[in-house]
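Trainee: Kindly generate the corresponding structure for this input.
(one chain, ligands or ions: 1)
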Amino acid sequence: MIEAVGLTKRYGAKTAVYNLSFQVRPGAVTGFLGPNGSGKSTTMRMILGLDNPTSGQVTIGGYPYRKLPNAARQVGALLDAKAVHGGRHARNHLLSLAQLSGIPARRVDEVLGVVGLQDVARKRSKGFSLGMGQRLGIAAALLGDPQVLLFDEPVNGLDPEGILWVRNLMKALAAEGRTVFVSSHLMSEMALTADHLIVIGRGQLLSDMSIKDFISANSADFARVRTPDTEPQQREKLTAALTEAGGQVLPEQDGALRVMGLPLPRISDLAHGADVRLWELSPHQASLEEAYMRMTQNAVDYRSTADQKAGLQPPLPPGAQPPMPVPGQGQPGWYAPPAPQHGGPPYAPQGQPNPYAQAAPGAPAQPPAAPAPAPAAAPAADLTKSEDAR
Ligand SMILES: Nc1ncnc2c1ncn2[C@@H]1O[C@H](COP(=O)(O)OP(=O)(O)OP(=O)(O)O)[C@@H](O)[C@H]1O
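Mentor: Residues are numbered from 1 along each chain as shown. So this is what the prediction gives:
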């Protein structure tokens, strides 16, 4: 088990990780999520003894990494697939790692086979593609047959076959009772791979719960309702009936209605009562991606803006509309339908209940709307130097 208690890391004036406490348990894949720059890699480096915490501590099986007996046999990690000697053959790279840890050479050939690199084992890794480099990094992590595995963005650059393979590998490792801690920005992949999620934002813990509870706690269930396309008045009639009955009704891009706050049978009854025919009435639960976007939207540091194209585009012809955002394609606002009063913050202010949250069994109390700003370190340090140099 990995256990962090009050883990804090400052780089000069920058607080990368602040007061993080969590446990990563064996027998499950634990996903580690957070926006760019939220402190995931820093946390992983501290777990692996590559960075010293400013305060707090993190242990593996009760020991700080540097005090673990035969750490390379107990913990395997993929942090940066590029961190290899590019002039070395893949096999020699693994062989040198194996020799340092007293691992027999035949294990090198085993892991090369596991990651599918046996045919390029004698090629220099500097000629490897991104995906091949990831595979080599995963082979290095597996070398000591460790009980604890950390993977930072393991599917980065992998082809679909490789992504599926990593997914199955993670699950198989966890099913063998190992501790598997994996960071990723690919929500669809995490939804299929992880059992448990730890989410951080701006270095602080936002959530620590099962993936199922995470989605329930951070999403609004809603119904999609569609009336005949050819009869817009039916849509208006239904909207009026549903709103009068206390539902919140939002238009969907394809002409359907998104209805919150009313159960499906009630929507059906109201439509019947208003003499409106339905072409669709379907329940919808948010995806992990939607739940994640909802949770982290206040903790995102790097936000894109619309491309104004510096006036390089010809103006739209009279009457033409700019393209509409497409649901599910990452357009701002899609993931966070307004609160029931229309336009309110999708996340409740601190201290108030989240209007969208549903009580998930065993789920902890509401996560904070956004991490409070972590206190900055007092003395400014020289950020041009690495931590060790400082
Ligand atoms: N050696 C360092 N010196 C100074 N600042 C650092 C150092 N390492 C990380 N940081 C800062 O700490 C913060 C957290 O960075 P970190 O790499 O841990 O985030 P991350 O969640 O892994 O991001 P990403 O998802 O983009 O990989 C960032 O603001 C980063 O600039």
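
Trainee: Give me the pLDDT value at Pro64.
Mentor: Looking at Pro64, its pLDDT reads 96.

Trainee: Neighbours of it, how many?
Mentor: The burial metric for Pro64, expressed as a neighbour count using other C-beta atoms under 10 Å, is 16. (Glycine included, C-beta is placed from N, CA and C.)

Trainee: Next, it: phi, psi?
Mentor: The phi and psi values for Pro64, taken as degrees, to the nearest 10, are phi -60, psi 150.

Trainee: helix/strand/coil for the residue of the stretch 51-200 of the chain at minimum distance from the ligand?
Mentor: Nearest residue of the stretch 51-200 of the chain to the ligand: His185, at 6.4 Å (C-beta to the nearest ligand atom). Using DSSP: H, G, I helix; E, B strand; the rest coil, the structure places His185 in coil.

Trainee: was I right about it contacting Glu153?
Mentor: Yes - under the contact definition of C-beta atoms under 8 Å, His185 touches Glu153, with a separation of 7.1 Å.

Trainee: So which of the two has more stuff around it?
Mentor: In this view His185 and Glu153 are compared by other C-beta under 10 Å, and Glu153 has more residues nearby, 18 against 15.

Trainee: residues in contact with that one?
Mentor: Contact criterion C-beta atoms under 8 Å, 6 or more residues apart in numbering gives Ser183, Ser184, His185 as the residues in contact with Glu153.

Trainee: go again using 7 Å as the cut-off
Mentor: By C-beta atoms under 7 Å, 6 or more residues apart in numbering, Glu153 lies in contact with Ser183, Ser184.

Trainee: could we number from 25 for the rest of this?
Mentor: All right, first residue 25 from here; so that's Glu177.

Trainee: So which residues on the protein come close to the ligand?
Mentor: Contact residues of the chain with respect to the ligand, defined by C-beta under 6 Å from any ligand atom, are listed as 35, 38, 40, 58, 60-66, 407, 411.

Trainee: any idea which of those is least confident?
Mentor: When these are sorted by pLDDT, the bottom entry is Leu407 at 34.

Trainee: ok so, going back, return the subset of the residues of the chain next to the ligand lying in strands.
Mentor: When those are checked against strands (DSSP state E), the matches are Tyr35, Lys38, Ala40.

Trainee: For the first one, the count of nearby residues, please.
Mentor: Burial of Tyr35, expressed as a neighbour count using other C-beta under 10 Å, amounts to 17.

Trainee: how much space between it and Gly61?
Mentor: As judged by C-beta to C-beta, to the nearest Å, Tyr35 and Gly61 stand 12 Å apart.

Trainee: any common contacting residues for these two?
Mentor: Among the neighbours of Tyr35, none is also in contact with Gly61 (C-beta under 7 Å, 6+ apart).

Trainee: For the closest residue to Gly270 other than its chain neighbours, give me the pLDDT.
Mentor: Closest residue in space to Gly270, ignoring its immediate chain neighbours: Gly285 at 6.0 Å, by C-beta to C-beta, 6 or more residues apart in numbering. Among the per-residue scores, Gly285 shows a pLDDT of 90.

Trainee: Ramachandran angles for Gly285?
Mentor: According to degrees, to the nearest 10, Gly285 has phi 90, psi 0.

Trainee: how many neighbours does it have?
Mentor: Residues near Gly285, counting by other C-beta under 10 Å: 18.

Trainee: again with Arg226
Mentor: 24.

Trainee: Next: Gln272.
Mentor: By the criterion of other C-beta under 10 Å, Gln272 has 20 neighbours.

Trainee: excluding its backbone neighbours, what's nearest it?
Mentor: Nearest non-adjacent residue to Gln272, counting by C-beta to C-beta, 6+ apart: Met284, 4.5 Å away.

Trainee: what do you get for Leu229?
Mentor: Of all residues not flanking Leu229 in the chain, Leu44 sits nearest, at 5.6 Å (C-beta to C-beta, 6+ apart).

Trainee: Stretch 215-231 - what's its average pLDDT?
Mentor: Confidence for stretch 215-231, expressed as mean pLDDT, is 94.

Trainee: tell me which residues in that stretch are buried?
Mentor: Neighbour counts over stretch 215-231 (16 or more other C-beta atoms under 10 Å) mark 215-231 as buried.

Trainee: And stretch 202-218, by the same measure?
Mentor: Going by neighbour count (16+ other C-beta under 10 Å), the buried part of stretch 202-218 is 202-208, 211, 213-218.

Trainee: Please narrow the residues you listed to those residing in helices.
Mentor: Members of the buried residues of stretch 202-218 lying in helices (criterion: DSSP state H): Met211, Glu213, Met214, Ala215, Leu216, Thr217.

Trainee: Which of those residues sits closest to Gln81?
Mentor: Compare each of those with Gln81 using C-beta to C-beta and the shortest gap goes to Met214, at 27.1 Å.

Trainee: For that closest one, give me its contacts.
Mentor: Neighbours of Met214 in contact, by C-beta under 7 Å, 6+ apart: Gly55, Leu57, Ser208, Leu312.

Trainee: Alright, calling it a day.
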